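> Give me a model of this one.
(2 chains, ligands or ions: 3)
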Amino acid sequence: MTIEIKTSTIQPIRNTFAHIERRFGDKPASRYQEASYDLAPTTNFHYRPLWDPERELYDPGRTAIDMEDWYAFRDPRQYYYGSYVQARAKLQEITESNYAFFTRRDLASRLPGAAREKIVRCLLPLRHLEMGANMNNVFGSAYGIGTVLTQAFLYNGMDRLGIAQYLSRIGLILDGNSGDTLKAAKTSWMEDPLWQDLRRYVEDVLAQKDWFEVFVAQDVVLDTLVYDIFYRQFDDAMTDAGAGDLAMLIEFMQEWHKETSRWVDSVIKTAVAESDANREQIAAWVADWKQQALAALGPLAAEAVGPDAINASAEVLNKRLAKAGL
Amino acid sequence: MAARKLNLKERYSLLTRDLDWEYSYRDKKEIFPYEDFEGIKITDWSKWEDPFRLTMDAYWKYQAEKEKKLYAIFDAFAQNNGQQNVTDARYINAIKVFLTGVSPLEYQAYSGYAHVGRQFSGVGARTACQMQSIDELRHVQTQVHAMSHYNKFFDGFQDFSHMHDRVWYLSVPKSFFDDARSAGPFEFMVAISFSFEYVLTNLLFVPFMSGAAYNGDMATVTFGFSAQSDEARHMTLGLEVIKFLLEQHPDNVPIVQRWIDKWFWRGTRLLAIVAMMMDYMLPNRVMSWKEAWEVYFEEAGGALFKDLARYGIEMPKYAATAIAEKDHISHQTWSTFYNYGHAAAFHTWMPDEKEMDWLSEKYPDTFDKYYRPRFEHWREKEQAGERFYNPTLPMLCNTCQIPMGFTEMDDPSLIAYRQSVYQGERYNFCSDGCKDIFDHEPEKYVQSWLPVHQIYQGNCGGADIEKVLSEYYRINMGKDNLDFHGSPDEARWNAWHNLESAEERLKKAG
Ligand SMILES: [Fe+2]
Ligand SMILES: [Fe+2]
Ligand SMILES: [Zn+2]
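Ligands and ions are numbered 1, 2, ... in the order given. Predicted coordinates for the structure are as follows:
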């Protein structure tokens, strides 16, 4: 038997906000649409920023990339704040139980000594790289155009802070909260010749002024290589070395990268498809940063995984770029 | 191996502060280029005390729980036609002002904190600002979602972001935030984190949210409760910023004092709209603007500035003027909007007899003497079918951009005018505070996008005011604007309520 609940029906006078209707037609809109489209100011700015007097507050001229409509970018995950934090809360819940299990069973003590050392030397310094990635994505959020894009930059930026914190917690689990592994990892980041070209790369990206170039250098080129080397190949190598339990501690990074790549791919694809000028500009940036990234990561990949590792990751990057039309 | 216990501070430091490093391949100034030009001296960023020690995992978890509850209520609100339960359709105009005037500031706050959250070289400050940035993004989005349902049943919400960039009175809040964001990073923090979030937030946010609670607006009040813990973080950041700047170097003190003076004044001007909302737009009143001002500024602010005296910080320069204005500001602002009710995207009206009596009681020194006679006159005209609208374009204050309508405090019958001449041009101001702000940075304020000037210059679609309003502003003429009485909002509201009482009768008969 079905119960028919009587509700008073009142006819709405419109389905959604006018700017949403102009884009998507006169029909009910999703929460994502109402939270994302045409939200940012576009005109009649009052004062030029003292810190950038050549430009307006929201100025599309802060990148060489040009778009007819900045809201052409899509986030396939359709993240607005509410859906973003709920997705991350789920992922962190799994991660938390992984970390708790790892700690409770004292799996750290079962890691072979050489593997443990490798984790400290080859994985933990990435926490600093993630801090750079945090800043580079917040950069895109601060100076980029169009909420569809800029909100995703901020989510990515906060994700990177979260990942840096998870990496640090791996260290604390290994060293029983003494912080010694983090100190060692920082020394590697600062002084170990193995890490210096990568640190130089990160500092170089931090000094760039074109936010789309920063996105290419960080999220497209560097992240593709780093996540393939350290969270796929290194994971496999550790399993081979009897340290397969590490997988529990880096599952977040793996899942996160898989998910975020969908967004990164769609951004690059949209920008490239917009115009020849965009494609040429992006191709030039990619060529430049790729060469530097491969050079910086080569020795690290060899140490962490093996001599072929960098080529395997370069292959992954090339495929990804080809798919985006580059 | 038994793990050592880490206290919260140690742990947060290892998980956040320690992620930073000293750059050696690039000059720090290339990476953080904006830290020096304001003259603020930071000798040691490591002295920064983290105002809240929240790691991302905890942030995601708490915020997701809050969002889940919030959206469950939004859903229920929409399903049950919660818009029918507000006290009176006049109330809806308060949240139209909120969505068109305040929510876009949340957006600007998001962008502004992303900017400083990238540009501060101190990792503790950077991270705290990033968290505020994403919180502010939350606020604008949840506010849009809270209003989304009202937009389906009332006029005036539909083009809020288009309007915010163009409509004359919305240039008041817009220029306020443009001013803060175009300033250097430290001034931005003193303006928004301290002056706005810490000193004045109880006079902006709380009146709207309490107004919602008193007037049956479930969607807005739920948002308000949900945002409270975010705001608590933002306030602690505001206090930390001020303490940090003042403790870092004595040379910072006069700079910070000048910013406090400026942003206090700019803030009080912005609050004029809240004052009128509290006294005129809430069918069920929370407290008068004057009472709110006394509790939240005179008492709470007084205590705060007493506390800051040990750093050499004094009460904001025009506090005495602002205190005197508490008896006038809401009445004068409502008069202005009543005058220009044809040019606004929300409705205005004259208070009824009972409401006038309430105003007389709350403002014994001023309401009957200066405002009641005028309002009664307007009400009579309306009853005679000649509702008064002012057909001229007002002159705007070059700083706060409010139409010149505030009076001298020692003579409330005299409109206050101040002027400055800069490079041969004359500029007008509503007050000494606004003139001072201009005189200190004229090269900034000559850039003001003044809506009335822009209309005269033909930048808003020509000289035909009807066209400016309907085409450039996109006000739906005859729907969004004019008096509440006779509006489609009013007609719909009445229709719903007749319907409801018919149902009620049916129930009783059954
Ligand atoms: Fe906010
Ligand atoms: Fe806030
Ligand atoms: Zn003014």
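
> which stretches of the stretch 51-200 of chain A form helices?
A:81-104, A:113-118, A:126-143, A:147-174, A:180-191, A:193-206 (DSSP state H, counting those that start in this stretch).

> out of those helices, nearest to ligand 3?
Ligand 3 lies closest to helix A:126-143 among the helices of the stretch 51-200 of chain A, at 29.4 Å (CB to the ion). Backbone N, C-alpha and C define where each C-beta goes, glycine included.

> How about the closest one and chain B, touching?
Yes. Using CB under 8 Å from any CB of the partner chain, we find that helix A:126-143 touches chain B at A:127-128, A:130-131, A:134-135, A:138-139, A:141-143.

> center of chain B, which residue is that?
residue B:102 (4.9 Å; CA atoms, centre = their mean).

> ok, residue 274 - contacts?
This is for chain A. Going by CB atoms under 8 Å, 6 or more residues apart in numbering or on different chains, residue A:274 touches A:66-68, A:72.

> Chain B was what I was after
Counting by CB under 8 Å, 6+ apart, residue B:274 makes contact with B:203-204, B:207-208, B:289.

> Residue B:244 touches residue B:46, doesn't it?
No. Between residue B:244 and residue B:46 there is no contact under CB atoms under 8 Å: 11.1 Å.

> So for these two, which sits in the more crowded spot?
More crowded of residue B:244 and residue B:46, by other CB atoms under 10 Å in any protein chain shown: residue B:244, with 22 against 9.

> Just give the closest residue to that one, not the sequence neighbours.
Nearest residue to residue B:244 in three dimensions, chain neighbours excluded: residue B:48, at 5.6 Å (CB to CB, 6 or more residues apart in numbering or on different chains).

> count of neighbours near that neighbour?
Other residues close to residue B:48 by other CB under 10 Å number 21.

> can you pull the contacts of it?
Each residue near residue B:48 by CB under 8 Å, 6+ apart is listed here: B:122, B:124-125, B:240, B:244.

> Equivalent analysis for residue A:17, please.
Each residue near residue A:17 by CB under 8 Å, 6+ apart is listed here: A:29, A:34, B:144, B:148, B:151, B:157-161.

> Read off the pLDDT value for it.
Here, the pLDDT recorded for residue A:17 equals 98.

> again with residue B:410
89.

> same deal with residue A:8?
Looking at residue A:8, its pLDDT reads 62.

> Same check on residue B:34?
98.

> Count the neighbours of it for me.
Close neighbours of residue B:34, defined as other CB under 10 Å, add up to 20.

> Chain neighbours aside, what residue packs nearest to it?
Spatial nearest neighbour of residue B:34, excluding adjacent residues (CB to CB, 6+ apart): residue A:51 at 4.5 Å.

> give the contact list for the one you found.
Contacts for residue A:51 were tallied using CB under 8 Å, 6+ apart; they are B:33-34, B:37, B:182, B:184-185.

> And for residue B:224?
The contact partners of residue B:224, taken as CB under 8 Å, 6+ apart, are B:205, B:208-209, B:212-213.

> and it, what are its phi and psi?
Note on residue B:224: its backbone torsions stand at phi -60, psi -50 [degrees, to the nearest 10].

> what does the one 4 residues further on give?
In this entry, residue B:228 is assigned phi and psi values of phi -60, psi -40 (degrees, to the nearest 10).

> Tell me, what's the model's pLDDT at it?
Note on residue B:228: pLDDT of 92.

> ok so residue B:74 is a helix residue?
Yes. Under DSSP: H, G, I helix; E, B strand; the rest coil, residue B:74 sits within a helix.

> Quick check: the gap between it and residue B:144.
Distance of residue B:74 to residue B:144, given as CB to CB, to the nearest Å: 11 Å.

> Comparing these two, which residue is more hemmed in?
Legend: neighbour count by other CB under 10 Å for residue B:74 and residue B:144, higher for residue B:144 (26 against 22).

> would you list every one of the strands in chain B?
Here chain B has its strands, by DSSP state E, at B:418-422, B:425-429.

> Tell me which of those strands sits most buried.
Most buried of the strands of chain B, by mean neighbour count (mean count of other CB atoms under 10 Å in any protein chain shown): strand B:425-429, with a mean of 16.

> just to revisit the earlier point, in PyMOL, how would I select just the buried ones from the contacts of residue A:51?
To isolate the buried members of the contacts of residue A:51 in PyMOL, using 16 or more other CB atoms under 10 Å in any protein chain shown:
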select buried, chain B and resi 34+182+184+185
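
> Count residues in the vicinity of residue B:118, would you?
Residues lying near residue B:118 (other CB under 10 Å) number 27.

> Also residue B:439?
Applying other CB under 10 Å, we find 15 residues neighbouring residue B:439.

> Look at it and report its pLDDT.
On pLDDT, residue B:439 comes in at 98.

> got a list of what it touches?
Contacts of residue B:439 (CB under 8 Å, 6+ apart): residue B:420.

> Out of the contacts of residue A:17, name the ones that lie in helices.
A:34, B:144, B:148, B:151, B:160-161 (DSSP state H).

> export the residues you listed to a markdown table and tack on pLDDT and distance to ligand 3?
Shown next, in a markdown table, are those (pLDDT from 0 to 100; distance: CB to the ion, whole Å):
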| residue | pLDDT | distance to ligand 3 |
| --- | --- | --- |
| A:34 | 98 | 34 |
| B:144 | 98 | 29 |
| B:148 | 98 | 34 |
| B:151 | 98 | 31 |
| B:160 | 98 | 24 |
| B:161 | 97 | 25 |
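
> can you name the two of those residues that are farthest apart?
Using CB to CB, the two most remote members of the ones in helices among the contacts of residue A:17 are B:148 and B:161, lying 13.2 Å apart.

> Residues of chain B that sit close to ligand 3?
Within reach of ligand 3 by CB under 5 Å from the ion, chain B has these residues: B:397, B:399-400, B:430, B:434.

> can I get the residues you listed in a markdown table with neighbour count and pLDDT?
Formatted as a markdown table, the residues of chain B next to ligand 3 follow (neighbours: other CB atoms under 10 Å in any protein chain shown; pLDDT from 0 to 100):
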| residue | neighbour count | pLDDT |
| --- | --- | --- |
| B:397 | 28 | 98 |
| B:399 | 31 | 98 |
| B:400 | 25 | 98 |
| B:430 | 26 | 98 |
| B:434 | 28 | 98 |
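
> And the residues you listed, which is closest to chain A?
residue B:399 (10.5 Å; CB to the nearest CB).

> Now for the closest residue to the closest one other than its chain neighbours: which residues touch it?
The shortest distance from residue B:399 to any non-neighbouring residue, by CB to CB, 6+ apart, is to residue B:434 (3.7 Å). Counting by CB under 8 Å, 6+ apart, residue B:434 touches B:265, B:269, B:397-400, B:418.

> what's around the closest residue to residue B:479 other than its chain neighbours, how many residues?
Among residues not flanking residue B:479 along the chain, residue B:155 sits closest, at 4.4 Å (CB to CB, 6+ apart). Look at residue B:155: counted by other CB under 10 Å, it has 23 neighbours.

> for residue A:281, same thing?
Close neighbours of residue A:281, defined as other CB under 10 Å, add up to 21.

> ok, back up a step: which of the residues of chain B next to ligand 3 lies closest to residue B:283?
residue B:400 (28.5 Å).

> Any figure for the gap between the closest one and residue B:171?
Distance from residue B:400 to residue B:171, counting by CB to CB: 10 Å.

> residue nearest the centroid of chain A?
Among the residues of chain A, the one closest to the centroid is residue A:156, at 4.6 Å (CA atoms, centre = their mean).

> got the contact list for it?
Residues in contact with residue A:156, defined by CB under 8 Å, 6+ apart, are A:133, A:137, A:140, A:219, A:260, A:263.

> export these to JSON lines and tack on distance to ligand 1, pLDDT and neighbour count?
Shown next, in JSON lines, are these (distance: CB to the ion, whole Å; pLDDT from 0 to 100; neighbours: other CB atoms under 10 Å in any protein chain shown):
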{"residue": "A:133", "distance to ligand 1": "26", "pLDDT": "98", "neighbour count": "25"}
{"residue": "A:137", "distance to ligand 1": "21", "pLDDT": "98", "neighbour count": "29"}
{"residue": "A:140", "distance to ligand 1": "22", "pLDDT": "98", "neighbour count": "26"}
{"residue": "A:219", "distance to ligand 1": "28", "pLDDT": "98", "neighbour count": "23"}
{"residue": "A:260", "distance to ligand 1": "26", "pLDDT": "98", "neighbour count": "19"}
{"residue": "A:263", "distance to ligand 1": "25", "pLDDT": "98", "neighbour count": "21"}
